[in-house]
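[1] What follows is a predicted structure for the sequence shown.
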Amino acid sequence: MARLNDPQAARYALLVMYAEDMYDALSDANKANQAPPIDPRILANWTIVGFITAVDALIDAQTIGLGTRFYYGFLAYSNADKTKYVAVIRGTANPSEWIEDIEFIPKPASGNMAGTVEDGFFSIYRTMNYTPVGSTVLQPVVSGIATAVGPNQLTVLGHSLGSTLATYLSLDLSVSENLKNPLSARMFASPRAGDVTFARNYDAKVGDYIVYDYVLDIVPKVPLFFGYSPLPKAIIFEPADAQAVIQHTLGGNHHAICYAAMIDYTAANWANVPAADKDCAACIKGPNPPPPVASS
């Protein structure tokens, strides 16, 4: 494939990282804060208008009212262009979410979805709600976001677990009568959200989406069994396709900041990041020189 070069996608990958940093910055006693302090790197370019939350519980226990509601992301508009909105969904960030990530149990899709979906991912998604800034009222996530966006343009973003949730959300929003314009979706390091039938249905209903999956990252390869499938427009790229050299470790191959560097090495100063991101950024070993041009 062609060498990666998508500056906008790299900025989106960093935005998802900032969303996760907001959760990580909460103290253990305050992890259930559904409207955490906003990362100043977000405020430089975006205005958050609402928060996205969902309930974590093991083995689908949300259906009987168990679990804890956590912050999962936010809805924001661009300060430079107030007609541009993003719905940003963070990745896996606590032990119960890791366990839900590896349930791998298939279940029939519902609503606007076809085929089967992964029960752990979907059990989180179906508890997802939207709350406007300054409110404590939990709104249905699809109608709440669609109403807030109105006639403006929306891009749905996610990394890791957040990519599967962004997949379900972008599909539901795409067929929502409240959303006035077609949306776009950009996902990074995405596990497989459903089977082939689900993936084909998603592809038919969500016209503008891209999934970036690094070939050495194990997360996009799971679940392995029960017919789970990547989305048709997933870009599976090799180390030679990337703009950055990444340390070959489980974390290095998966970090959102590493995806950003591989997609556009100029997107940030990787040696000068906040303390919260230094361990992950240490996996970025430098620019990846393009292959030499063959002489004629």
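    In hand now; what should we look at? This is a predicted model, so every value here is computed, not measured.

[2] And residue 129, its phi and psi?
    Main-chain torsions, residue 129, degrees, to the nearest 10: phi -140, psi 170.

[3] show me what contacts it?
    52, 53, 54, 69, 138, 139, 140, 141, 144 (C-beta atoms under 8 Å, 6 or more residues apart in numbering). Heads up, the C-betas are built off the backbone N, CA and C, glycines and all.

[4] between those residues, which has the most around it?
    Of all the contacts of residue 129, the highest neighbour tally under other C-beta atoms under 10 Å goes to residue 141, namely 27 neighbours.

[5] where along the protein do the helices fall?
    7-24, 40-43, 95-101, 119-125, 141-149, 161-174, 196-205, 256-263, 275-281 (DSSP state H).

[6] show me where pLDDT drops low in the stretch 1-150 of the chain?
    Applying pLDDT under 70 to the stretch 1-150 of the chain picks out residues 57-66, 93-103.

[7] hmm, back to that, now the helices of the chain as JSON lines including distance to residue 182?
    As requested, these are arranged in JSON lines below (distance: least, C-beta to C-beta, whole Å):
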{"stretch": "helix 7-24", "distance to residue 182": "17"}
{"stretch": "helix 40-43", "distance to residue 182": "25"}
{"stretch": "helix 95-101", "distance to residue 182": "30"}
{"stretch": "helix 119-125", "distance to residue 182": "21"}
{"stretch": "helix 141-149", "distance to residue 182": "12"}
{"stretch": "helix 161-174", "distance to residue 182": "7"}
{"stretch": "helix 196-205", "distance to residue 182": "10"}
{"stretch": "helix 256-263", "distance to residue 182": "23"}
{"stretch": "helix 275-281", "distance to residue 182": "33"}
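
[8] So for residue 155, which of those helices sits nearest?
    Ranking these by their distance to residue 155 (criterion: C-beta to C-beta) puts helix 7-24 first, at 7.3 Å.

[9] which residues does the closest residue to residue 32 other than its chain neighbours bridge with?
    If the residues on either side of it in the chain are set aside, residue 32 comes closest to residue 68, at 5.7 Å by C-beta to C-beta, 6 or more residues apart in numbering. Beta-bridge partners of residue 68, counted by DSSP bridges, are residue 56.

[10] and of the contacts of residue 129, the nearest to residue 192?
    Distance to residue 192 across those (C-beta to C-beta) is lowest for residue 54, with 19.4 Å.

[11] what's near enough to touch that closest one?
    Taking C-beta under 8 Å, 6+ apart as the contact definition, residue 54 lies against 69, 70, 72, 124, 125, 127, 128, 129, 165.

[12] okay, the last one: pLDDT?
    It refers to residue 165. According to the predicted model, the pLDDT of residue 165 comes to 96.

[13] Count the neighbours of it for me.
    Around residue 165 there are 28 residues (other C-beta under 10 Å).

[14] cool, the second one as well?
    By the other C-beta under 10 Å criterion, the neighbourhood of residue 70 contains 22 residues.

[15] I'd like the distance between it and residue 56.
    When distances are taken as C-beta to C-beta, to the nearest Å, residue 70 and residue 56 turn out to be 6 Å apart.

[16] One more: residue 111?
    In this structure, residue 111 and residue 56 are 21 Å apart, going by C-beta to C-beta.

[17] Settle it for me: which of those two has more neighbours?
    Each of residue 111 and residue 56 had its neighbours counted (other C-beta under 10 Å), and the higher figure belongs to residue 56 (23 against 11).

[18] Verify the contact between the more buried one and residue 125 for me.
    No - checked against C-beta atoms under 8 Å, the pair residue 56 and residue 125 is beyond contact range at 11.7 Å.

[19] can you tell me which residues contact residue 45?
    Taking C-beta under 8 Å, 6+ apart as the definition of contact, the neighbours of residue 45 are 78, 79, 80.

[20] do the same with residue 47
    The contact partners of residue 47, taken as C-beta under 8 Å, 6+ apart, are 76, 77, 79.

[21] The first one pairs with what?
    Beta-bridge pairing for residue 76 (DSSP bridges): residue 48, residue 86.

[22] gap between it and residue 21?
    According to C-beta to C-beta, residue 76 stands 15 Å off from residue 21.

[23] quick revisit: please pick the buried ones from the contacts of residue 47.
    Neighbour counting with 16 or more other C-beta atoms under 10 Å marks 76, 77 as buried within those.
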